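In: Test case, fold it:
(2 chains)
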Amino acid sequence: MAKNLLIVESPAKAKTIENILGSDFEVKSCYGHIRDLEKDDMGIDVNKNYAPRYIVPEDKQKVVAELKKLAKKAEQVWLATDEDREGEAISWHLCEVLNLDPKTTKRIVFHEITKPAIRAAVDHPRFVDLNLVNAQQARRILDRIVGFELSPVLWRKMSMRNSLSAGRVQSVAVRLIAEREREINAFGTTSSFKIEALFAAKDINNKNVTFTAEGSRQDTNQDAEKFLQSCAGASYKVRDIQVKPARKSPAAPFTTSTLQQEASRKLGYGVSKTMLLAQKLYESGFITYMRTDSVNLSDTAIADTRAQISKQFGDKYVQIRKYKNKNESAQEAHEAIRPTYMENATVKDADTNRLYELIWKRTMASLMADAELEKTTAKIDISTNKAELAAQGEVLKFDGFLKIYMEDKDDEDVEEGNEEGSLPPIRVGQVLDFKEMKAVERFTRPAPRYTEASLVKKLEELGIGRPSTYAPTISTILKRGYVEKRDKEGVKRDYRVLVLKLDKITKTTEQENTGAEKSKLFPTDLGLVVTDFLSQHFADVMDYGFTASIEHEFDEIAAGTKIWTKMVDGFYKPFKKDIENTLENAERIKGERELGIEPETGKRVIARMGRFGPMVQIGEANEEEKPRFAKLKANQSIETISYAEAMELFKLPRNLGKFEGEDVSVNIGRFGPYASHNKKFYSLNKGMDPYSVMLEEIAPMIEEKRVAKDERTIKVFEKEKIQVLKGPYGPYIKQGLRNFKLTKEQQDKAADLTIDEVKQIMEELKANPPKKKGAKKKA
DNA sequence: CAGTGAGCGAGCTTCCGCTTGACTT
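Out: Model prediction:
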């Protein structure tokens, strides 16, 4: 029996630390928070100075029971939760639950899992910092108040039956996406003409090459033509050449947020996928902890990386840097995300290797030498006018970190047409061999829509959310239906090109694709109307600076200069007034927009939110007549749908004629477009448009779907309406809407199951349903 | 599975931040 019990948050850490500390220590994990506010009545006694009511959630009871047992036996308990606000609170909760005195129980902290760091921590224990704990309680309680007061307002004011939610983080995340969408919709594109001259010259190998030089942009088509005209018959002479050295530095080691961004840009992963793979790597011991906001590398990691760079590329490529966090909201409880052993450049598992290699390269590059460049700018005179052209070239003199890694840019930060090539050797005074000059119409672009990762980047900049919540926050706003992730097809656009060649100007119009986007976040109508509603009635909580300002107050609580209950009270009192006022006075949320008047009837055509989502409506509900309704299509929005598009929606359902003697009609239902025939329903195949599809396409589809259904069916008990079906997880039982999972053995003999056996399996599963996450019984 | 669109009102939903597995049709 070990004398000392040391408690950390993560089980993977526990193992490593136990190895470092040896047999005097038993190291256990508490798996994060062990208590939380109960849900009834917010779990807070608002009238008793916001006294919190904490409970141990069901899924934590086993862990807590075991820790209790071990704590009782141990001579000394050490609290080694993370060194940040949440970690401090976890230590305090452990004291409360394990009957330890926070004023005397040893509390230790470290930012890296290395032998010297752990040893030093054990040599310098402190006690739980109750001010910091109170800052966390204020944070927790405030978030609970915001979430549990705001969400019910939505339930009352929205006519949708979804379980809607609002919160300090998620609601602002949706707002960012909503505002970006409106910016894009309101964006007025303008164009100008880019001037580009093409010259020929000999390179150092005496080979003929071409290079381009740019002139200043021309605002209009006429300006562009006039400019080209003024260049007709000109000669072009190099007036000046400037050569400047330049350097590029590597990016800092990964944090959760930058890892998510790069994995999105380079590998196309969503943030959940990145975190899932990183978790696997962490649990297998290949990388350090993946939920971190720190860019710091431990001394041992720096030494390890330096050795690896030297070995692989030579000392010339080593450049030790100490990275500092620019982000004020960072709490830096951990190291940056890095490989645990730099000699492993890859891992065996193909699934995780791509992410691992990214982490390995980024870590290596962060301690590699700057890249050295030479930038050349040549100014070129035009003999027939006063304008000048500029040609730019860039030569890499020393690759440094670029040897293995270069951070990608977001669409947002990429400027058009600045790709730098190399220039052939030219000298001042040289008359250049002119080929042609082009004026190409270019357009201004609105800011791009957010990807999951660029949204995380923005949230982090605003100090909203934490590394452990970025991915779950995005899942939440998707699940609630406030936001959709999808592609957008581009549209064809004409652009004008003028070419001056052999002193003659030719004008052409070419086509390009514009506005195509992949895996971007779009607000739904629900997201838009809920954002408007919340912004109108709860402007302070929806403010982008709200989190930063309360964080400032949490800092004061942590410093002991502010009382947490006073801080919470200062927020709650006016907030509660807003809640009551809104419940009493605010209209129901409709998001109504008039699209026009139907000429034949004089009835209003409106788009609005209905009980089942966005819809269009002709006429008003009154005694004489029922209005006509139609659902919006997937990519349509209340804010942008036109009158003509709305009227189009009323063309469904369409009757296509008879097949096998029965009518076939198509419509759009809850699960998308479908055909109905002989009382059966068939989802339309991808690409089939219910507005235009013909019977000739539908009939064979119905036949195909009948066959596919037969293949999925293993057995049918007609009388009991029970089916045994083949699914992606093997055979299962289906009765109505309910599915019943079979065990391995039962699956193997699925085809031979009798009705009695099936019934017995169902009875057992009904009596003992498989446990679901978060399922809890009422006390 | 393929309807609906008003209002009443059982009894339900809901937050953010720490952590992993259990579960999925």
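In: residues contacting A:Tyr544?
Out: Going by C-beta atoms under 8 Å, 6 or more residues apart in numbering, A:Tyr544 touches A:172, A:175, A:462, A:464. From N, CA and C alone the C-beta is placed, and that goes for glycine too.
In: count of neighbours near A:Tyr282?
Out: By other C-beta atoms under 10 Å, 20 other residues sit near A:Tyr282.
In: Could I get the phi/psi values of it?
Out: The phi/psi pair for A:Tyr282 (degrees, to the nearest 10) reads phi -70, psi -50.
In: OK, contacts around the closest residue in space to it that isn't next to it in sequence?
Out: In space, and not counting its chain neighbours, A:Tyr282 is closest to A:Met290: 5.3 Å by C-beta to C-beta, 6 or more residues apart in numbering. Contact analysis of A:Met290 by C-beta under 8 Å, 6+ apart lists A:256, A:259, A:275, A:278-279, A:281-282, A:337.
In: Quick check: the gap between the nearest residue to A:Ser683 once chain neighbours are set aside and A:Ile698.
Out: Leaving aside its sequence neighbours, A:Ser683 sits nearest to A:Tyr674 (C-beta to C-beta, 6+ apart; 5.2 Å). For A:Tyr674, the distance to A:Ile698 equals 10 Å [C-beta to C-beta, to the nearest Å].
In: how close does A:Lys566 sit to DNA strand B?
Out: Using C-beta to the nearest atom of the strand, to the nearest Å, we find A:Lys566 at a distance of 21 Å from DNA strand B.
In: tell me, how many neighbours does that residue end up with?
Out: Neighbours around A:Lys566, by other C-beta under 10 Å: 14.
In: can you check the one 4 residues further on too?
Out: Using other C-beta under 10 Å, A:Gly570 is surrounded by 12 other residues.
In: Work out for me the element it sits within.
Out: helix A:564-585 (DSSP states H and E).
In: what packs against that helix?
Out: helix A:130-157, helix A:525-537, helix A:546-558 (3 or more C-beta pairs under 8 Å, 6 or more residues apart in numbering; DSSP states H and E).
In: What residues sit buried inside it?
Out: When burial is assessed from 16 or more other C-beta atoms under 10 Å, helix A:564-585 yields the following buried residues: A:564-565, A:567-568, A:571-572, A:575, A:578-579, A:582.
In: again with stretch A:388-406
Out: Under 16+ other C-beta under 10 Å, the buried positions of stretch A:388-406 are A:389, A:391-393, A:399-405.
In: Next secondary structure element downstream of the lowest-mean-pLDDT helix or strand in chain A?
Out: Least confident helix or strand of chain A, by mean pLDDT, DSSP states H and E, is strand A:738-741 with a mean of 75. Heading C-terminal from strand A:738-741, the first helix or strand you meet, by DSSP H and E, is helix A:744-748.
In: farthest residue from the center of chain A?
Out: Distance from the C-alpha centroid of chain A peaks at A:Gly233, with 54.9 Å (C-alpha atoms, centre = their mean).
In: Helix, strand, or coil at it?
Out: Classification of A:Gly233 using DSSP: H, G, I helix; E, B strand; the rest coil returns coil.
In: how far away is the residue nearest the centre of chain A from DNA strand B?
Out: The centre of chain A sits closest to A:Glu452, judged by C-alpha atoms, centre = their mean, with a distance of 2.0 Å. Distance of A:Glu452 to DNA strand B, computed by C-beta to the nearest atom of the strand: 15 Å.
In: count of neighbours near A:Glu96?
Out: 13.
In: Return the residues in contact with it.
Out: By C-beta under 8 Å, 6+ apart, the contact list for A:Glu96 reads A:35, A:54.
In: can you check A:Leu98 too?
Out: By C-beta under 8 Å, 6+ apart, the residues touching A:Leu98 are A:67-68, A:71, A:77.
In: Can you add distance to A:His537 and give those residues back as TSV?
Out: Formatted as TSV, these follow (distance: C-beta to C-beta, whole Å):
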residue	distance to A:His537
A:Leu67	44
A:Lys68	46
A:Ala71	48
A:Val77	48
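In: Can you name the two of the residues you listed that sit furthest apart?
Out: A:Lys68 and A:Val77 (10.8 Å; C-beta to C-beta).
In: Which one's more surrounded, the two?
Out: A:Val77 (21 against 12).
In: Which parts of the stretch 1-150 of chain A are helices?
Out: Under the criterion DSSP state H, counting those that start in this stretch, helices of the stretch 1-150 of chain A are mapped to A:11-21, A:61-73, A:85-98, A:115-123, A:130-157.
In: how about a markdown table for the ones you listed, with mean pLDDT added?
Out: As requested, these are exported to a markdown table (pLDDT from 0 to 100):
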| stretch | mean pLDDT |
| --- | --- |
| helix A:11-21 | 93 |
| helix A:61-73 | 96 |
| helix A:85-98 | 98 |
| helix A:115-123 | 94 |
| helix A:130-157 | 96 |
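In: Just name the most buried of these.
Out: Comparing the helices of the stretch 1-150 of chain A on average neighbours per residue, with mean count of other C-beta atoms under 10 Å, the densest one is helix A:85-98 at a mean of 23.
In: what angle do it and helix A:61-73 make?
Out: Angle, helix A:85-98 to helix A:61-73, by axes from the mean of the first three to the mean of the last three C-alpha atoms, to 10 degrees: 70 degrees.
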